[in-house]
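Visitor: Let's see this in three dimensions:
(2 chains)
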2 protein chains.
Amino acid sequence: MLNFEFKNPTKIIFGKDRIEELPKEIPANAKILMLYGGGSIKLNGIYEQVKEALKDFEVLEFGGIPANPEYEILLKALKIIKEQGVTYLLAVGGGSVIDGTKFLSSAALYKGDDPWEILSKAIRTEKGMPFGTVLTIPATGSEMNSGAVITRAETREKLGMGGPGLFPEFSILDPQVVKTLPERQLANGITDAFTHVLEQYMTYPAGAQLQDRFAESIMQTLIELSPKILKDPSDYEAASNFMWCCTMALNGLIQKGVPTDWAVHAMGHELTAIYGIDHARTLAIVAPSHYRYNFSSKKEKLAQYAERVWNVTEGSVEEKAKAGIDKTEAFFHSLNIATSLSEYTENYEGTAAVIAKRFTERGWKGLGERKSLSPSDVEKIIEMSY
Amino acid sequence: MLNFEFKNPTKIIFGKDRIEELPKEIPANAKILMLYGGGSIKLNGIYEQVKEALKDFEVLEFGGIPANPEYEILLKALKIIKEQGVTYLLAVGGGSVIDGTKFLSSAALYKGDDPWEILSKAIRTEKGMPFGTVLTIPATGSEMNSGAVITRAETREKLGMGGPGLFPEFSILDPQVVKTLPERQLANGITDAFTHVLEQYMTYPAGAQLQDRFAESIMQTLIELSPKILKDPSDYEAASNFMWCCTMALNGLIQKGVPTDWAVHAMGHELTAIYGIDHARTLAIVAPSHYRYNFSSKKEKLAQYAERVWNVTEGSVEEKAKAGIDKTEAFFHSLNIATSLSEYTENYEGTAAVIAKRFTERGWKGLGERKSLSPSDVEKIIEMSY
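Guide: Sure, this is the predicted structure:
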């Protein structure tokens, strides 16, 4: 097991009808900016519940944060925060709204001239404006971690940021929201959480048995509940496990003491930046090819995964490992998630070279758990994903 | 899944040679009281490492905190804290030292006349004196939770306390300490952690698949590593998993959203209070009888446990459930832990009635996940444990 540090101070308030507890979590004198996305919260009743809970607070609103939260739009919210003297941020939404709120939390206290530097210079946020979240889409885990990914349309960039100042003070998770989500978002959420686990697990054996088993637990549970959720998103038992799996998949716990990969995300982000493909679907496009390309260095964990998660008991390490990749791809298909880039765009030719070039230009650090993948490796993996 | 709240702000610093990082975690102007137990830390080098790390701080010491931290002894430390103006507590030890430090953290700021009220009146500690820990014995999980159990010799009482003010600010976990521990403490630690998981798992199905699998993960890992640890406690891989299992077994995570039992602990504490039997061993004495006595209400979870943790694939639910209990008892025996009270004391006759009477006198709330066990049930369970 590798040395690690773990601290996650976010308070999770989980279960039915918890939004009414909002007033207990926010300082009484707070001037709140409530942030949300495209308006689905006005259709599913969450908006009304939040407004009712906060009726004794001074609340400003900023809606319209898009999927893959966009820098230029967030700057408008930043202007409101500064001009209006906002003291507390409340994200009501999914990962995009929460990530956008994290950027604002950091940017509100940033001393530099250009808040894009937080992303371009990878400046760690030690202290941000306090914020909480009401999660409406289980998927990214952003409700219980300190990371965010922000997109800048003009440069087609999608960059990450983070730091200990960016944990939500609290997050309210009511699994009843799951029944309001379209199948596309449910499938995306399952795929996103599942791939988050893969990124922290599918590397090489590092003697971290407990972390391995926790990771396997999340994947087993997602596999078990996914047909139930897609069939009936009002199944509360399945919905609550789905929601808690998504949070646990990326709250830091399973990555502690183990090597992590994240190459699938790095490549996937580029596909979103270039083609606007849903984040989760880019992961499903890249992951199988990534594991096939890096088969020899990942085969022990692939085989363990096939055995424990998919109950593949026959065959050599190589045969089990291969079965593990095939099972993963079949799982994505079972969610109606296509796993080839050509199923999303006709203009896929040349994508691999473009992405490899972008990585090179941005300063190459090497991808994967050994930081050993070169731009030419990336190019081959993306080609395998066509 | 039941509604729940989860917040655990303790910072874990895990791995080899982390004690030297102590100065980063404690305010520079702190006046520290370092608390420890019977002096084993002076034999295994931990004492020297801590003193060296804190050489630029003002450090007072209080040694001699016994297993089952004793109220009268802790009052002496409390006197030092108050008279000397101590501002920060550092527990260097196992669960007993950490639990004792938690009592002191609470008592140092307690406004009432008699700090025993914190225990006797079950007063929740919202704010305590800040403290950190250096864990030297993996077992209780106290290093990452906000609970403590304190013993009062004069009344032979052993009572619990807790509250959000009693999370350690940080805990340093260096698995290299494991190799310095005698077999008795290793076996106790494994048994303690294993039973902590059982108490949060062996109830009735509550639709919390992820929590179930996490609990099973901890038990599977403990079963896998225990022969390795007992054979060679310098096996770092086994030691690090052992240490992390103990922490994860009782840091709150696996109890969220599920019913919990804790009757085994309630009964076990009485055996420690009366006979001075090691805490972990009292759990091994009581648990098998408890599960046999409450077989009908726990058989579904017992069968799931037998299947997933012990790979019992044949038989009816009842047969699997029974196998699960037998496997548990055999596991304790494999650790050289005796599971009958008569193996610890010749004076066991009448114990059951004494304990039932003590529970009655203390105000009966009902034990178990349904608060349904009466003093007469307790009497029968303890009799089955003779």
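Visitor: Test my guess that A:Gln200 contacts A:Thr260.
Guide: Yes: A:Gln200 lies in contact with A:Thr260 (Cβ atoms under 8 Å); the separation is 4.9 Å. C-beta coordinates here come from the backbone N, C-alpha and C atoms, glycine included.
Visitor: Of the two, which one has the most company?
Guide: Counted by other Cβ atoms under 10 Å in any protein chain shown, A:Gln200 and A:Thr260 do not tie: A:Gln200 has more neighbours, with 26 against 15.
Visitor: For the closest residue to A:Thr151 other than its chain neighbours, give me the pLDDT.
Guide: Excluding its sequence neighbours, the residue lying closest to A:Thr151 (Cβ to Cβ, 6 or more residues apart in numbering or on different chains) is A:Asn68, at 4.2 Å. Listed pLDDT for A:Asn68 reads 84.
Visitor: which ones are touching A:Asn68?
Guide: A:96, A:149, A:151, A:158, A:272, A:276, A:279 (Cβ atoms under 8 Å, 6 or more residues apart in numbering or on different chains).
Visitor: Helix or strand: which one has the fifth one?
Guide: Pointing back at A:Thr272 there. Here A:Thr272, judged by DSSP states H and E, is contained in helix A:263-275.
Visitor: Could you list the contact residues of the stretch 101-250 of chain A toward chain B?
Guide: Residues of the stretch 101-250 of chain A lying near chain B by Cβ under 8 Å from any Cβ of the partner chain: A:175, A:207-211, A:213-214, A:216-218, A:220-221, A:224-225, A:236-237, A:240-241, A:244-245, A:248.
Visitor: Swap in 6 Å and give it another go.
Guide: The stretch 101-250 of chain A comes close to chain B at residues A:207, A:209-210, A:213-214, A:217, A:221, A:237, A:240-241, A:244-245, as judged by Cβ under 6 Å from any Cβ of the partner chain.
Visitor: Now for A:Lys127, how many residues are close by?
Guide: Residues near A:Lys127, counting by other Cβ under 10 Å, number 12.
Visitor: oh sorry, the question was meant for A:Val378
Guide: Residues within reach of A:Val378, counting by other Cβ under 10 Å, total 28.
Visitor: which other helices and strands contact the least confident helix or strand in chain A by mean pLDDT?
Guide: Ranking every helix and strand in chain A by mean pLDDT, DSSP states H and E puts strand A:157-162 at the bottom, with a mean of 89. Counting contacts by 3 or more Cβ pairs under 6 Å, 6 or more residues apart in numbering or on different chains; DSSP states H and E, strand A:157-162 packs against helix A:117-120, strand A:147-152.
Visitor: Against which helices or strands is the longest one packed?
Guide: Looking back up the chat, that one is strand A:147-152. helix A:95-108, strand A:157-162.
Visitor: what separates that strand from the chain centre, distance-wise?
Guide: From the chain centre to the centre of strand A:147-152 is a distance of 10 Å (Cα atoms, centre = their mean, to the nearest Å).
Visitor: ok, residues contacting it?
Guide: A:68-71, A:99, A:102-103, A:119, A:158, A:160-162 (Cβ atoms under 6 Å, 6 or more residues apart in numbering or on different chains).
Visitor: just the buried members of these?
Guide: Among the contacts of strand A:147-152, the ones that count as buried by 16 or more other Cβ atoms under 10 Å in any protein chain shown are A:68-71, A:99, A:102-103, A:119, A:158, A:161-162.
Visitor: for chain A, what's the longest helix?
Guide: helix A:209-231 (DSSP state H).
Visitor: So which bits of that one are buried?
Guide: A:209-223, A:225-226, A:229-230.
Visitor: Can you classify the spatially closest residue to A:Pro205 that is not a sequence neighbour by secondary structure?
Guide: Among residues not flanking A:Pro205 along the chain, A:Glu300 sits closest, at 5.3 Å (Cβ to Cβ, 6+ apart). Recorded secondary structure, A:Glu300: helix (DSSP: H, G, I helix; E, B strand; the rest coil).
Visitor: Check the gap between A:Glu300 and A:Leu367 for me.
Guide: Per Cβ to Cβ, to the nearest Å, A:Glu300 is found 20 Å from A:Leu367.
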